[in-house]
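Q: Could you look at this predicted model? Sequence included:
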Amino acid sequence: MLKTITPRLSKKLKHFSLFAVALTLNFNYANAQVEKEKDVKAFEFLSKANAKGFERKAQEFKNGAVVSAHPEATAVGVAILKKGGNAVDATVAVKFALAVVYPNAGNIGGGGFLIYRSAKGKIASMDFREKAPALADKDMYLDVNGDPISEKSKEGHLAAGVPGTVAGMVELHKKYGKLKWAELVEPAYQLAKNGFKLTKQQVNELNRLQTKFKQFNPLGTVFIKEEGEWAAGDVLVQTELANTMRLIRDKGRAGFYEGEVAEFIEAEMKRGGGLISKEDLKNYHAAWRKPIVGDYKGYKVITMPPTSSGGIALVQMLQSVANYPLSKWGFNADSTIQVMVEAERRVYADRAKHLGDPDFWKVPQKQLLQPAYNKNRMANLNWDKATPSAEIQAGEFARKESEETTHFSVVDKDGNAVSLTTTINTSYGNYVVVKGAGFLLNNEMDDFSVKPGVANYFGLIGYEANAIAPNKRMLSSMTPTILEKDGKLAMVVGTPGGSTIMTSVFQTILNVVDFGMDMQQAVNAKKFHHQWLPDRVDIEPNALRPEIQQKLEAKGYTFYKRNSIGRVDAILVTKAGLYQTGADPRGDDTAGGW
Ligand code: DON
């Protein structure tokens with residue numbers, strides 16, 4: 001089924017030593033051999049990356065698979081699949097489980113997006129992104145001089161948008177779920193009530209943020225450790241959250257947006273000077289939207305439309321590089337990097353100007369998704385020199401007026417698939433745990449453009465399209481995506497990472513489609529990223545061979561080291577029809593299935 005994604009790379013890795021010998025014996029190879037040599041260098045490079053802890057191998061399952069950021073959440077999803085639940089049932093259960101065991105990003109106090117593809121090929125996407133409260137206004141984060149008060153949109157009560165997760169899950173389940181709602185929320189209730197063991201990564205972060213939790217939760221929260229420090233293996237019991245999960249389990253939407261929990265949220269807002277009211281909660285609704293559908297080398301790319309910028313940007317980037325011989329050049333060869341970076345630069349310039357909540361802003365979606373438009377944008381690529389971002393502006397169209405997130409991928413035995421990315425924005429959101437209800441609120445208001453041209457937490461700038469307005473959704477980069485080939489499911493993919501989300505999804509797809517990696521190798525592979533402004537290429541350690549980096553630096557590219565980019569959790573359908581998983585080794589991400 002997936003002709004172009006033969007695991008070329010893993011085969012070659014196996015024969016790597018033979019290959020190396022062959023290469024040393026035959027210096028005068030013709031062109032074809034030069035290509036192979038490039039591939040070998042990429043493999044050498046990947047092996048080096050693997051030696052640094054990314055040695056995870058792909059797993060394959062026959063009847064269904066779940067890849068999520070936490071082992072407990074993955075286990076919950078697999079149990080639901082085994083019980084006869086479909087991909088949507090497992091999604092709902094994993095989503096609520098993550099809200100308990102991965103509170104830095106899994107949430108009921110935030111929002112997200114999802115792409116659904118049924119086994120028969122029906123596609124849908126849902127926007128359960130947070131909304132600005134009714135009392136929000138364009139200048140709410142500016143001081144008397146019109147300058148942004150930087151922390152206000154990022155921390156504390158005022159940074160929170162109206163949460164969308166519970167509404168989103170209820171809608172999704174109503175339309176496509178099979179098992180009973182209560183059965184799907186029950187595991188999260190149990191995990192909150194009985195506790196779960198904190199991982200090493202989790203305690204590091206909890207300890208780092210103690211001052212913030214104390215500052216924003218004067219009445220206390222379970223995340224505060226009164227004596228000493230959190231240690232890996234400590235059990236975190238969340239009694240207040242368990243009560244909230246019980247209400248959601250028993251009352252569905254009303255268990256969160258009305259009654260006790262709504263009262264708790266409003267009281268918390270009043271205490272801390274936030275804006276969300278009971279009215280805002282009652283009025284919140286998730287929105288079904290028409291997915292973006294693009295083509296890349298025979299794959300149908302089904303991805304997220306606005307309010308996320310992710311899907312449009314992903315398809316634009318794929319269209320921008322489609323005419324270049326990437327697989328011939330090889331993985332992370334200088335030409336490959338140059339073309340990808342120049343594509344990213346141009347696409348992010350468009351994002352800043354043209355994208356915003358489609359309920360408030362006319363997004364020139366059709367124009368941005370024209371293959372000819374994106375091909376033309378690349379016409380001024382100069383092979384000798386990096387194009388300075390200052391010389392790149394967003395495309396012009398006639399406008400008719402009118403670090404924390406988490407992703408998971410699920411496929412069931414029939415081939416129904418869900419790709420879901422969810423967030424409270426940065427890790428542990430606005431640090432406010434709603435007293436009485438036990439869950440963290442988001443700091444998603446920072447994803448708006450608080451002032452034209454002023455960068456948000458992720459360095460992204462925006463203008464009028466993404467200005468704050470009451471009840472408007474803030475622009476996102478989240479890119480839950482599903483690929484189809486020859487009418488059949490091919491890949492389920494997505495990642496957290498703020499502004500790096502769409503470039504990580506872009507790279508992961510190229511790693512499989514153009515560079516022949518299997519799903520886990522594509523996830524393991526080191527990532528790089530350019531977002532127009534700032535004008536620099538962010539790279540993970542060992543993402544580029546030093547000589548490639550030097551070549552590019554000589555052309556004017558600037559590199560900036562980041563510890564880690566993305567946490568891709570993905571599933572690939574193999575030729576044999578098995579579900580092959582890629583769980584990101586950068587986190588506690590875990591694949592499971594049966
Ligand atoms: O919606 C967005 O684009 C951001 N709020 C996502 C934040 C994120 O991915 C943080 N994760 N590391």
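A: Everything's here; your move. Quantities reported herein were computed from a predicted structural model and do not represent experimental measurements. Numbering: from 1, shown residues only.
Q: From now on I want contacts and neighbour counts done on CA atoms only, so please keep to that.
A: Noted.
Q: which residues sit in contact with P480?
A: 113-115, 303-304, 311, 407, 419-421, 492-495 (C-alpha atoms under 8 Å, 6 or more residues apart in numbering).
Q: let's see 7 Å
A: F113, L114, I115, T303, M304, S419, L420, T421, V493, G494 (C-alpha atoms under 7 Å, 6 or more residues apart in numbering).
Q: Confirm the second one sits in a helix?
A: Spelled out, that is L114. No - counting by DSSP: H, G, I helix; E, B strand; the rest coil, L114 is located in no helix; its state is strand.
Q: That one: neighbouring residues, count only.
A: Counted by other C-alpha atoms under 10 Å, the residues lying close to L114 total 31.
Q: hey, what's the residue of the stretch 201-350 of the chain found nearest the ligand bridged with?
A: Closest approach between the stretch 201-350 of the chain and the ligand, counting by C-alpha to the nearest ligand atom: S308, at 7.2 Å. For S308, the beta-bridge partners are S476 (DSSP bridges).
Q: wait, isn't it in contact with M474?
A: No - with contacts counted by C-alpha atoms under 7 Å, S308 stays clear of M474, the gap being 8.5 Å.
Q: Read off the pLDDT value for A49.
A: Here, the pLDDT recorded for A49 equals 52.
Q: actually G53, not the one I typed
A: We note a pLDDT of 49 for G53 in this prediction.
Q: just the one 10 residues further on next, same as before
A: In the prediction, the pLDDT value recorded for N63 is 98.
Q: What of R56?
A: For R56, the predicted pLDDT is 86.
Q: near the ligand, which residues of this structure?
A: With the criterion set to C-alpha under 6 Å from any ligand atom, the chain comes near the ligand through 403-405, 425-426, 444, 447, 476-478, 496-498.
Q: mind running it again at 8 Å?
A: Applying C-alpha under 8 Å from any ligand atom, we find that the chain lies next to the ligand at 105, 112, 308, 403-406, 423-427, 444, 446-447, 474-478, 495-501, 566.
Q: D359 - how many residues pack around it?
A: Neighbour tally, D359, other C-alpha under 10 Å: 12.
Q: Walk me through the domains of this protein.
A: 2-51, 71-288+427-443, 289-403+478-574 (automatic domain parsing).
Q: start to end distance for the second one?
A: Domain 71-288+427-443 has an end-to-end distance of 26 Å (criterion: C-alpha to C-alpha, to the nearest Å).
Q: mean confidence score for that domain?
A: On average, domain 71-288+427-443 scores 98.
Q: Run through the stretch 251-400 of the chain and note the low-pLDDT ranges.
A: The model of the stretch 251-400 of the chain has pLDDT under 70 over residues 398-400.
Q: Same question for stretch 227-237: list its buried residues.
A: The neighbour-count check on stretch 227-237 (16 or more other C-alpha atoms under 10 Å) flags W230, A231, L236, V237 as buried.
Q: For the second one, list the residues it contacts.
A: Contacts here follow C-alpha under 7 Å, 6+ apart; on that basis A231 touches V203.
Q: which element is it on?
A: For A231, there is no helix or strand it lies in under DSSP states H and E.
Q: Now do the SS call for the closest residue to L326 other than its chain neighbours.
A: Nearest residue to L326, sequence neighbours excluded (C-alpha to C-alpha, 6 or more residues apart in numbering): T336, at 5.8 Å. Of the three states, T336 takes helix under three-state DSSP.
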